[in-house]
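> Generate a structure from the sequence data that follows.
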Amino acid sequence: MLDATCTPQILEHLQKSLTHTVYDTKWIPGTANFVAVGQHARGTGCLQVYQLEGTDAVVARSIEGTAGFKCSHFGAGRVSEPRLAVGTFDGKLQLWDLEQPKEPLLDLQAHASIINAIDAFGGQSYGYGPPELVTCGRDGCVRVWDVRQHDAPVAAFEPADSNNVRDCWCVAIGNSYDDQERCVLAGYDNGDVKMFDLRMNKLRWEMNVKNGVCGVQFDRRDIPMNKFVVTCLESQFHVFDARTQHPQKGFASVSQSISTGSTLWGVHHMPQNRDAVMLAAGDGSLSLWKYQYPDQRKVKDQDGKELGVAGSVQQLAQRSLSSQPVNSFDWSPDKQGLFVCSALDQCLRVGFVTKLHKL
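Presented below is the predicted three-dimensional model:
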């Protein structure tokens, strides 16, 4: 256990009220600037680039889209190219050059309706594989896109039964440790969690966690799968040890509920410490947790097959920021502990976590 002298604290640096709703926030890699995407009251999209100036965040650039922007990601491009992929409320996948934002570089109909989430990895200064994006939508589809090919997805995982389509709320890409391997996690409104193997182009693993899945994330994208976190309605989250997959029992996991009893809207691993994770909650709070590995990560079952062993989780800090849900959060990839987030009270917040060197 940590004593009071080394316990991290979640502090708010600035708060900025807006006249529109923000649905996603992302730091621009290599800078102290961030983007916020969302929707105006009139239904059009709002993409704004902010610069930090003391205790204020100043709008440096603003883009208005024909439809609201729901999600965004920088991951499919090189750090030197500030190109932002966004998913819209009318199912479009767009790629914007933030230096020359007159019109999107890419504008394609990726889903039949709203794109709920987007993740990306590839074409960067580390890791392997092509520059790919993965999207999911209300149509229940999970689709993988190569930004160099604009006509069709390079992989697609569609609902098996068109009469029983489940809303896919979240996706994450990982296991990208060489030029062949890559996996995608998807979470659905009925509690299903599915892992798709992109090399084999098939479903690798699935289970139901009994509550709608609001967030999924690998602890790192550029390594062989280590662990991943699933967050849910009804205040629950699950940490799966992905090092060992048993042929019948799948991945070992540990489950935990947060004390406030509210929906966990998202999970965000700290880039500089993959065992520290921030959870964004529906009661307007953030909570920081740390994963503790077990003494041994796998054992043999009675048939001699390898079975994973789950560790434990410990809450390190908690902070209430808003009376409304925290609906987006992003760690700075460059400065440890710095974060930006938004809530449904139409406010942006920049904050930081102290004493992380004690972890």
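
> Every contact and neighbour count from this point should use C-alpha atoms.
Noted.

> just the strands in the stretch 151-300 of the chain please.
155-157, 168-174, 183-188, 192-197, 202-208, 213-218, 227-232, 236-246, 250-257, 264-270, 273-281, 285-292, 298-300 (DSSP state E, counting those that start in this stretch).

> so can I have TSV of these showing distance to residue 71, mean neighbour count and mean pLDDT?
Listed next are those as TSV, based on distance: least, C-alpha to C-alpha, whole Å; neighbours: other C-alpha atoms under 10 Å; pLDDT from 0 to 100:
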stretch	distance to residue 71	mean neighbour count	mean pLDDT
strand 155-157	19	17	96
strand 168-174	10	26	97
strand 183-188	15	26	98
strand 192-197	20	19	98
strand 202-208	25	14	97
strand 213-218	13	27	98
strand 227-232	18	25	98
strand 236-246	22	21	97
strand 250-257	26	18	97
strand 264-270	13	24	97
strand 273-281	16	21	97
strand 285-292	20	19	97
strand 298-300	37	14	96
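
> looking at the ones you listed, which is closest to residue 81?
Closest approach to residue 81 among those is made by strand 168-174 (20.6 Å; C-alpha to C-alpha).

> Show residues contacting stretch 93-113.
Here stretch 93-113 makes contact (C-alpha atoms under 8 Å, 6 or more residues apart in numbering) with 63, 81-92, 136-139, 141, 143, 150.

> Of those residues, which belong to strands?
63, 83, 84, 85, 86, 87, 88, 92, 136, 137, 143 (DSSP state E).

> Just list whatever residues bridge to the nearest residue to residue 49 once chain neighbours are set aside.
Nearest non-adjacent residue to residue 49, counting by C-alpha to C-alpha, 6 or more residues apart in numbering: residue 35, 4.5 Å away. Residue 35 has these beta-bridge partners by DSSP bridges: residue 26, residue 49.

> my read: residue 35 touches residue 23, true?
No - contact criterion C-alpha atoms under 8 Å: residue 35 and residue 23 do not qualify, at 10.9 Å.

> picking up where we left off before, could the strands of the stretch 151-300 of the chain go into a markdown table alongside distance to residue 70?
Output for the strands of the stretch 151-300 of the chain, formatted as a markdown table (distance: least, C-alpha to C-alpha, whole Å):
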| stretch | distance to residue 70 |
| --- | --- |
| strand 155-157 | 21 |
| strand 168-174 | 12 |
| strand 183-188 | 17 |
| strand 192-197 | 21 |
| strand 202-208 | 26 |
| strand 213-218 | 14 |
| strand 227-232 | 19 |
| strand 236-246 | 23 |
| strand 250-257 | 27 |
| strand 264-270 | 14 |
| strand 273-281 | 17 |
| strand 285-292 | 21 |
| strand 298-300 | 40 |
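
> Quick one: closest of those strands to residue 45.
Evaluated over the strands of the stretch 151-300 of the chain, closeness to residue 45 peaks at strand 168-174, with 19.9 Å, by C-alpha to C-alpha.

> Report the angle between the closest one and strand 264-270.
Between strand 168-174 and strand 264-270, the angle comes out at 10 degrees (axes from the mean of the first three to the mean of the last three C-alpha atoms, to 10 degrees).

> So what are the sheet partners of strand 168-174 and their directions?
Checking strand 168-174 against DSSP bridges gives partners strand 183-188 (antiparallel).

> Residues contacting the partner strand, please?
134, 136, 142, 166-176, 193-199, 212-217.

> Between strand 227-232 and that strand, find me the angle.
Going by the same axes, to 10 degrees, strand 183-188 makes 10 degrees with strand 227-232.

> Put the alpha carbons of strand 183-188 into PDB.
C-alpha atoms of strand 183-188 as PDB (Å, rounded to 0.1, in the frame of the first residue of the first chain):
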ATOM      1  CA  CYS A 183      -5.600  -7.700 -33.100                       C
ATOM      2  CA  VAL A 184      -8.700  -5.600 -32.600                       C
ATOM      3  CA  LEU A 185     -10.900  -5.500 -29.500                       C
ATOM      4  CA  ALA A 186     -14.600  -4.500 -29.800                       C
ATOM      5  CA  GLY A 187     -17.200  -3.900 -27.100                       C
ATOM      6  CA  TYR A 188     -20.900  -4.000 -27.600                       C
END
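
> re the thing from before, filter the ones in strands among the contacts of stretch 93-113 down to the buried ones, ChimeraX style.
Selection of buried members from the ones in strands among the contacts of stretch 93-113 for ChimeraX, criterion 16 or more other C-alpha atoms under 10 Å:
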select :83,84,85,86,87,88,92,136,137,143
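
> any idea of the pLDDT on residue 125?
For residue 125, the model assigns a pLDDT of 54.

> nope, residue 99 is what I was after
Residue 99 is assigned 87 on the pLDDT scale.

> Would you quantify the distance from it to residue 128?
Shown here: residue 99 relative to residue 128, a distance of 26 Å by C-alpha to C-alpha, to the nearest Å.

> cool, residue 104 as well?
26 Å.

> Residue 262 now?
From residue 262 to residue 128 the distance is 37 Å (C-alpha to C-alpha).

> for residue 277, same thing?
With C-alpha to C-alpha as the criterion, residue 277 and residue 128 are 24 Å apart.

> what's the answer for residue 60, then?
In terms of C-alpha to C-alpha, residue 60 sits 33 Å off from residue 128.

> again, but for residue 347
On the measure of C-alpha to C-alpha, residue 347 and residue 128 end up 37 Å apart.

> now do residue 216
Taken as C-alpha to C-alpha, the span from residue 216 to residue 128 is 21 Å.
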